[in-house]
Each structure stands twice: as C-alpha cells, then as structure tokens.
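[1] structure for this input, please:
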Amino acid sequence: MITRGRAWLARWRGGAGSEADQHFVASRKRLVVLNLSVVSAIVVLMALAVYVTEAHFIDRQLDQQIVSWAHHEPPPHYFMEQQNLATQSANDDGGNRPDFAPLYQPTTPNVFCVAIDPTGHIVLDPTHIGHYGLPDVALATQVMHAGTAAKFTTVTKGAHSFRLYTLVVVNDNGVMVGVLQSGISLDARNAQLGDLLRTLLIVGLGVLALTAGASLLLADKALVPTRQAFARQQRFVAAASHELRTPLALIRSQAELIARRVHGAHTSRRALSPADSATVDDDTHEILSEVDYMSRLLSDLLVLARSPGERQSILHTPVDVRTIAADLVAKTHLLPSTHDRKLRLDAPASPVWVMGDADRLRQFILILLDNALQYTPAGGEVRLRVSTDGDWHHGRARISVADTGVGIAPEHMERIFEPFFRADPARARADGRANAGLGLTLAHWIADAHGGNLTVTSTPGQGTTFTLDLPQTAPNSQHTSPAVPPQQRPVGRHA
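    Below you'll find the model as predicted:
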C-alpha cells in the first residue's frame, strides 16, 4: 500500500524528465484539478441541498408538534370561563387567581405548554420549564399587545435552543383572555443535523478521494493518444533527419571528390584524363541520383506533414483502374527487379471505373508493386489483380497485390503503416538503396482519401496480400468532389 502511494505521488509530481514529460505531468495535474473542482462543487451543492432539505423537514415536523399541543385540550374556552377570575386576579395577591389545574401535561418528550394570563403572569407550568428561563413572557406580552393571533420564534437560553409557538386565546366576543405558549427543545434536532453534517463530510471526502484517483487514471488514459502522437512525431522527425542525413553526406563527399579532381587538373594546367572524366561523370550521376531521392523523400514528407483536411483536398474523377494497372505492369516489367521474379496481371477485359485521382491511384499501385517486389525473393511471384463485384450501380472494385515473399510477422502488422517503419531495416531495394519506409504510409493515406477499405493479410514465409476495396462508378460520370474524410466512414482493419 505504501509503495503504491509513493508511486502515485511520484507520478503526480512528475519527477525529473524531459520538457515534454514535464508538459504531460502539468497537463495531468490540470485535468485532475479541473475534475476535482467540478466534482467538489457538485458534492458541496448536493450536500447543501440534502442538509437544507432535511433541516426544513425536521423544522416543519417540530412546528406541527407544538401547534398540535397548543390547540389540544383544554380548549381556549377554558380561558373564557375563567375570564372574570383572571381579571380579578390582576388586583389581588394571587389567592383568588384562576385555577388552571385541569390543563394537561404534555406527554411528548421535550415538549412543553405554558399558560399566561393577560397580565403576564404564568398561571400554568406543568413541566416546570421555568428553570430554563422559559416561557418567554416578554414575547408573550409583545404578541398580546401586537394583536397577533400566533407567532413562531426560535430562542436560545444558555446552551439550549427552543422553538416557541405563542397563541393568543380570545373569547366569543373577541376579547383576549390569555396566551398559550408551547415549545420544544431543539437539542435533539441540532444533534441530528450535526450527525448528518458529519456524515455528509465523510461521504464527501470519500467521493473526492475516489474522484482524485479516478481522475488521475482517466487523465493518464486521456493523454495516451497525445503521448503516442508526440512519440510518433518524434520518431518521424528523427527518421526524417536520418534519411536526409545520408544522401546529404553522400552529395558532400561526391562533390568534394569532383572539386579535388577539377582543382588538381586546374592546378597542373592540364585537361582531365579520360579516367578522371569518367569518375567525375559517375560522381555527378551519384549526386543527381541522391538529389532525385531527396526530392521524392521531401515530396512524400510534405504530403504526410499536411493536416488531415489538407491531405483530403483531392478531386475525384472517373478513372479506369484496369488501364492504370496494365500500364504499370508493362512498365514495371522493364525494371531489373522483375528479371528474376514473375509479375502477373489478372484483370477483366472491360474497364473498371472508380471515382478517384488517377495519379494517386497510380502511385498507390506502384507502391504496392514496389513493396511486393522488394520482399519477394528470386523465383517468386507477384500478382496484381483488378476485379469487380456487381455492376457499377452498387458494385465494388478491388485492387489487390499478392506476393510469395517473406510475409509480415504478426508483431509488425500493427505498425506497417507507420512512417519510416521497416520490418527488416537491412533489406535493400533492387537499386541498392534501403527503403525509406514511407511507401505504405502513403498507400494508406491514398486509400483513406478515396474512401476505400484497405486490408492486409500475411503469412510469414508464404506471402502478403494488400487489398483495396472501392465503390464502382458510372463510366460517363462527370461528378467531381473532394474525398470523404476517413473519420466519417467505416475503415477496415489496417493491420
């Protein structure tokens, strides 16, 4: 338990770490404090509502009790029968004072009822409440003089509080004949509300403690996507820097070699030898090759660096994917990487129309073909298949690239579309250059931009199949519209 508490405190404080870690710790604290503030306000309001409601309910019950006792037997006409005697008693020594003995003695605990005549004398105190400083004769006199029929009052006498109900009694002629003052001790009521307040406090603190723990867990969970996105961004920048550093170093070294040879020829005032000229040509070709590679890499990085909304701003027109596939297979057959591998096309005789961007769909198929050829050993086979399911009204067009290569390990399936991810970094392309790891990322984006469903199936040692499912369209459709953002449509499992 102590270890968990220390771990929680360490997570809350954040400890030493990078600036990004400190930022996430601060964000977690803000989320926890915000949640606690909201829950605290709710708990306080609910506790206040419960306390006020309970206090009002108890007070109303107490008021009903003392009113009931004040209006109980003997009825007010008892005073009326004794009116003359009560009047005379004001002028004598009390010997002829009215006899109020028939007045009842309350049986409810903590309840009392006292009779007071018009002169302010207590004529009945059956519960001997007088030792508490009650009844409140001054209040009774004030009520009699004010002509008020009845009045509720709360008074405090020392350490005790009482709820009083003062009732004026009149005869049939409307003449006041006396006052009944009933009341009840509020000690039990105050103790009950005190217990309720302590219970609410304990429950509230418990709720806040649970909220703090839950808020920390939820804050961590809420920040997981942000942490992952930040980690991906860091990997993206690091990988991009690494990919750009290598060609820049090659360009620099090749340029230095050219500069030395040209400078040597200029210093010796002679023309470049045929061997030096050939070397300079080779170095220049290498520089141009590296520049082309960097241009392609930067172009891909620019696409991936754009916001999702900018990436989706491509126009869709009717495209015959069968023609694109046939053209790419014909051109790919000329590449050295296909000389010891079989490349086959399986497509219908009639066009297969989809709504899309012809250049992007061409890039998509080329990426998958290049990836399949790269990971298929000599003697293997790569098959590009274009097919349809139903007519163009409600049918689907499918583009699949299957190979008999090394396959993808299950632990890599979830990451194959991440930028710069390579399952086998040591594997090189047919031209000798390592793959930058952006091809499948771009293919994934192109599939999303076209509202397609890209799926991958792979068996290690047997091969991999990528399949893109797209809605068919009419061949003469002239509708042009931006792509549907991927978050507005269901997307299949992308590994």
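
[2] give me the neighbour count for Met144.
    20 (other C-beta atoms under 10 Å). Where you see a C-beta, it was placed from the backbone N, CA and C, and this is true even at glycine.

[3] what's it in contact with, if anything?
    118, 168, 176, 179 (C-beta atoms under 8 Å, 6 or more residues apart in numbering).

[4] what of Ile122?
    Ile122 neighbours (C-beta under 8 Å, 6+ apart): 114-116, 130, 135, 137.

[5] now render the contacts of Met144 as TSV, adding pLDDT and secondary structure.
    Formatted as TSV, the contacts of Met144 follow (pLDDT from 0 to 100; DSSP: H, G, I helix; E, B strand; the rest coil):
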residue	pLDDT	secondary structure
Pro118	76	coil
Val168	78	strand
Met176	72	strand
Val179	78	strand
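
[6] looking at the residues you listed, which is nearest Ala325?
    Val168 (105.0 Å; C-beta to C-beta).

[7] could you count how many residues lie near the closest one?
    20.

[8] numbering from 25 from now on, please.
    With 25 as the first residue, the last one maps to Val192.

[9] that one and Ala174 touch, don't they?
    Yes. Between Val192 and Ala174 there is a contact under C-beta atoms under 8 Å: 6.9 Å.

[10] identify the contacts common to these two.
    Val167.

[11] taking the contacts of Ile146, tell me the two that lie furthest apart.
    Ala139 and Gly154 (12.8 Å).

[12] compare the two (neighbour count), which wins?
    Between Ala139 and Gly154, Ala139 has the larger neighbour count (other C-beta under 10 Å), namely 23 against 12.

[13] and the more buried one, helix, strand or coil?
    strand (DSSP: H, G, I helix; E, B strand; the rest coil).

[14] now it: how far from Gln205?
    8 Å (C-beta to C-beta, to the nearest Å).

[15] just His95 next, same as before
    13 Å.

[16] Asp305 now?
    Asp305 is 121 Å from Gln205, by C-beta to C-beta.

[17] between these two, who's got more neighbours?
    Looking at Asp305 and Gln205 with other C-beta under 10 Å, you find the greater number of neighbours at Gln205, namely 26 against 11.

[18] and the chain, what are its domains?
    95-209, 258-329, 339-512 (automatic domain parsing).

[19] how about the strands in the stretch 375-519 of the chain?
    Ranges of strands in the stretch 375-519 of the chain, per DSSP state E, counting those that start in this stretch, are 377-380, 405-413, 420-427, 477-483, 487-495.

[20] so for Asp370, which of these sits nearest?
    Set against Asp370 and scored by C-beta to C-beta, the strands of the stretch 375-519 of the chain come closest in strand 405-413, at 4.2 Å.

[21] in that closest one, what's buried?
    Residues of strand 405-413 classed as buried: 406-410, 412 (neighbour count, 16 or more other C-beta atoms under 10 Å).

[22] do the same with stretch 184-192
    For stretch 184-192, a neighbour-count test (16+ other C-beta under 10 Å) marks 186-192 as buried.

[23] which ones among those map onto helices?
    In helices, judged by DSSP state H, none of the buried residues of stretch 184-192 are found.

[24] now the residues you listed as TSV including distance to Arg222?
    Below are the buried residues of stretch 184-192 laid out as TSV (distance: C-beta to C-beta, whole Å):
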residue	distance to Arg222
Phe186	24
Arg187	23
Leu188	28
Tyr189	30
Thr190	34
Leu191	36
Val192	41
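
[25] name the nearest of those residues relative to His436.
    Arg187 (78.5 Å).

[26] can I assume that closest one is in contact with Arg84?
    No. Assessed by C-beta under 8 Å, Arg187 is found out of contact with Arg84, at 11.0 Å.
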